[in-house]
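**Q** What shape does this take:
(chains A and B)
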Amino acid sequence: LAKTTQPISMDSYEGQEVNITCSHNNIATNDYITWYQQFPSQGPRFIIQGYKTKVTNEVASLFIPADRKSSTLSLPRVSLSDTAVYYCLVDNYGQNFVFGPGTRLSVLP
Amino acid sequence: DAGVTQSPTHLIKTRGQHVTLRCSPISGHKSVSWYQQVLGQGPQFIFQYYEKEERGRGNFPDRFSARQFPNYSSELNVNALLLGDSALYLCASSRDRDLSGNTIYFGEGSWLTVV
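**A** Model (predicted):
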């Protein structure tokens, strides 16, 4: 299973765009990249998933360069309610995810 | 459609006791996984079940066991509880097991406190 590296913490202000980059140098050909958001005392919530280039949904965008060794989660115009831990995961079948410590995002007023 | 549902949401047990946690997957999902999340850490994989068979196991002692029922719901059992078993236990479900790009969805978890 590919390991991931992401910043332990980030601070931002309301209304700003936040970009969280994740490194996954050993990603396999069939691996997908998935991001989850977790609030305290709640289960992780699926945000977005991609394989290559760019994926966008109603809450975020995911940018994946051609070599796929990294990915960037982009959160547009964050609010206080986006304060959470964000996990980057790589796996091909969504099985047995290996979670790291994630990135603790703090959005300040 | 209902998401992944888990019960109970909170429980307190004494060291040495046994606990059973329950999970109902999203309708149509056949795969269920269990994770343990200790405070301040990311979730750690315990088990994965698909079509009632164990298909994956993490690095947890034999005190941990699970099973999946014909309706795809699942139970996680922990025997001889230790203080270190205190954690949030998460259940996740996915539609298939071998579908590339499969997405798993988590429940809200069961908080277990061992005293």
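
**Q** residue ranges with poor pLDDT in chain B?
**A** For chain B, the stretches with pLDDT under 70 are B:1, B:97-101.

**Q** what about the one residue sitting closest to the centre of it, helix or strand, and which?
**A** Central residue of chain B (Cα atoms, centre = their mean): residue B:34, 2.9 Å from the mean position. Here residue B:34 is covered by strand B:31-37, with elements defined by DSSP states H and E.

**Q** quick one: strands adjacent to the next helix or strand after that strand?
**A** The helix or strand immediately downstream of strand B:31-37 is strand B:44-50, counting by DSSP H and E. Strand B:44-50 sits in its sheet next to strand B:31-37 (antiparallel), strand B:53-57 (antiparallel), going by DSSP bridges.

**Q** Verify the stated contact: residue B:9 with residue B:112.
**A** No. Counting by Cβ atoms under 8 Å, residue B:9 does not reach residue B:112; the two are 10.5 Å apart. C-beta coordinates here come from the backbone N, C-alpha and C atoms, glycine included.

**Q** Alongside chain A, which residues does chain B contribute?
**A** Neighbours of chain A within chain B, by Cβ under 8 Å from any Cβ of the partner chain: B:4, B:31, B:33, B:35, B:41-45, B:48, B:55-56, B:58, B:88, B:90, B:92, B:94, B:97-109, B:111.

**Q** tell me the SS of the closest residue to residue A:88 other than its chain neighbours?
**A** Nearest residue to residue A:88 in three dimensions, chain neighbours excluded: residue A:22, at 3.4 Å (Cβ to Cβ, 6 or more residues apart in numbering or on different chains). Three-state call for residue A:22 (DSSP: H, G, I helix; E, B strand; the rest coil): strand.

**Q** any idea of the pLDDT on residue A:22?
**A** With respect to pLDDT, residue A:22 has a value of 95.
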